[in-house]
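Engineer: Structural data only, the sequence is not supplied:
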């Protein structure tokens, strides 16, 4: 575990007496995810001490030796388990740096009165941009064409690719990111847009589909923008992929667990699906066996939200939540706790 100390003075409200009672020290925040220096600096500049434990081994040691930690910084994939929460007796706040929080044990946090925050609306625009890049790349086979040209196969690579303009765009999960994707599809590419949520979105101009299956049957391109967690595991299964069909494309920028990986590999390998582009896999960073061999699959390493602007915005929101909580104010972006 690495101790990162800030270079700027701490506001007094973020300091606690040291054991000797001589001076005050900054409130420690245990950082359980890899975080670049720029984002660490944002949190440190807000007046907090960062204890960085980004690897599995560091994490275990960090939690075991961080009895005075009052705040934890994690993300949806890394989460924080009930056992880890129990090991931090002074924990008051869990901050998720992105919108996801699926692997944070909310019930355990609620039982202890621990607040949980996430980062909505910090990277929506960046993720939507990346989604359209993936959609265009798989439809027009940009990586495949580039590789063919580099191999000297110019003429072989000049076969027709599908048109994107005017095709039907289905979005599974029409939250903030989904709305940004819909806007790009409808306004930039003239695409009719439909979506499926647990319930229709009030005032939404796009067509609501009552099931994932119905959405897939309608769509030419099906984009997954739904959160992870137990409630969305394998929402996109073999039946949904069959409904999308041999001319359909799947783009996943939500969570890898939403898709039945074995069914996806089978559909792509047997060309029952035209193609897929994914920014997420179920067990990141481990790529599922069989993905690398598929020529009609494009992968990126969960970079959809990683623009410099979005990354700094996520850190700024974490800092704002930390400052609010330790000033005795309501946090800015609370996660709803289970009933």
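Structural biologist: Happy to help now that I have it. Quick caveat, the model's predicted, so the values are computed rather than measured.

Engineer: Once you drop chain neighbours, what's closest to residue 180?
Structural biologist: residue 128 (3.5 Å; CB to CB, 6 or more residues apart in numbering). The C-beta positions use only the backbone N, C-alpha and C, and glycine is treated the same way.

Engineer: hang on, that neighbour is in a strand, isn't it?
Structural biologist: No. According to DSSP: H, G, I helix; E, B strand; the rest coil, residue 128 belongs to no strand; its state is helix.

Engineer: residues touching it, list them.
Structural biologist: Residue 128 makes contact with 177, 180-181, 183-184, according to CB atoms under 8 Å, 6 or more residues apart in numbering.

Engineer: Can you tell me which of these are buried?
Structural biologist: 177, 180-181, 184 (16 or more other CB atoms under 10 Å).

Engineer: Among these, pick out the one closest to residue 159, please.
Structural biologist: Comparing the buried ones among the contacts of residue 128 against residue 159 with CB to CB places residue 184 closest, at 26.9 Å.

Engineer: Which other helices and strands does the helix or strand where residue 146 lies contact?
Structural biologist: Using DSSP states H and E, the element containing residue 146 is helix 142-150. In terms of contacts (3 or more CB pairs under 8 Å, 6 or more residues apart in numbering; DSSP states H and E), helix 142-150 is not packed against any helix or strand.

Engineer: Would you mark the buried spots in that helix?
Structural biologist: 144-145, 148.

Engineer: Among the buried ones among the contacts of residue 128, which one lies nearest to residue 62?
Structural biologist: Using CB to CB, residue 177 comes nearest to residue 62 of those, at 30.8 Å.

Engineer: list the contacts for the closest one?
Structural biologist: 99, 124, 127-128, 131, 225, 253.

Engineer: Mind doing that once more with 6 Å?
Structural biologist: 124, 127, 225 (CB atoms under 6 Å, 6 or more residues apart in numbering).

Engineer: what's the burial count for the first one?
Structural biologist: Other residues lying near residue 124 total 21 when counted by other CB atoms under 10 Å.

Engineer: quick one on the thing from earlier: closest to residue 201 out of the contacts of residue 177?
Structural biologist: residue 225 (12.6 Å).

Engineer: all helices of the stretch 1-150 of the chain, in order?
Structural biologist: With DSSP state H, counting those that start in this stretch as the criterion, the stretch 1-150 of the chain has helices at 37-45, 56-64, 82-86, 106-112, 124-139, 142-150.

Engineer: tell me the mean pLDDT over the helix or strand just after the helix holding residue 146?
Structural biologist: Reading on from helix 142-150 to the C-terminus, the next helix or strand found by DSSP H and E is strand 169-172. Mean per-residue pLDDT for strand 169-172: 98.

Engineer: After strand 169-172, which helix or strand is next?
Structural biologist: Later in the chain than strand 169-172, the nearest helix or strand by DSSP H and E is helix 176-183.

Engineer: Relative to the whole chain's centre, how far out is whichever helix or strand comes after that next one?
Structural biologist: Counting by DSSP H and E, the next helix or strand C-terminal to helix 176-183 is helix 189. With CA atoms, centre = their mean, to the nearest Å as the basis, helix 189 stands 25 Å off its chain's centre.

Engineer: And the contacts of helix 189?
Structural biologist: Against helix 189 from outside (CB under 6 Å, 6+ apart): 164-165.

Engineer: Could I get the average pLDDT for it?
Structural biologist: On average, helix 189 scores 98.

Engineer: Please report the distance of the residue most central in space within the chain from residue 256.
Structural biologist: With distances taken as CA atoms, centre = their mean, residue 100 lies nearest the centre of the chain, 5.6 Å away. In this view, residue 100 and residue 256 are 12 Å apart by CB to CB, to the nearest Å.

Engineer: do the same with residue 268
Structural biologist: 15 Å.

Engineer: For residue 280, the count of nearby residues, please.
Structural biologist: Counted with other CB under 10 Å, residues neighbouring residue 280 total 21.

Engineer: and the angle for the longest helix anywhere in the chain with helix 124-139?
Structural biologist: Longest helix in the chain, counting residues (DSSP state H): helix 308-326. The directions of helix 308-326 and helix 124-139 differ by 140 degrees, with axes from the mean of the first three to the mean of the last three CA atoms, to 10 degrees as the criterion.

Engineer: Can you give the distance from helix 308-326 to the centre of its chain?
Structural biologist: 16 Å.

Engineer: Could you check that helix and say which residues are buried?
Structural biologist: Buried, per 16+ other CB under 10 Å, within helix 308-326: 310-326.
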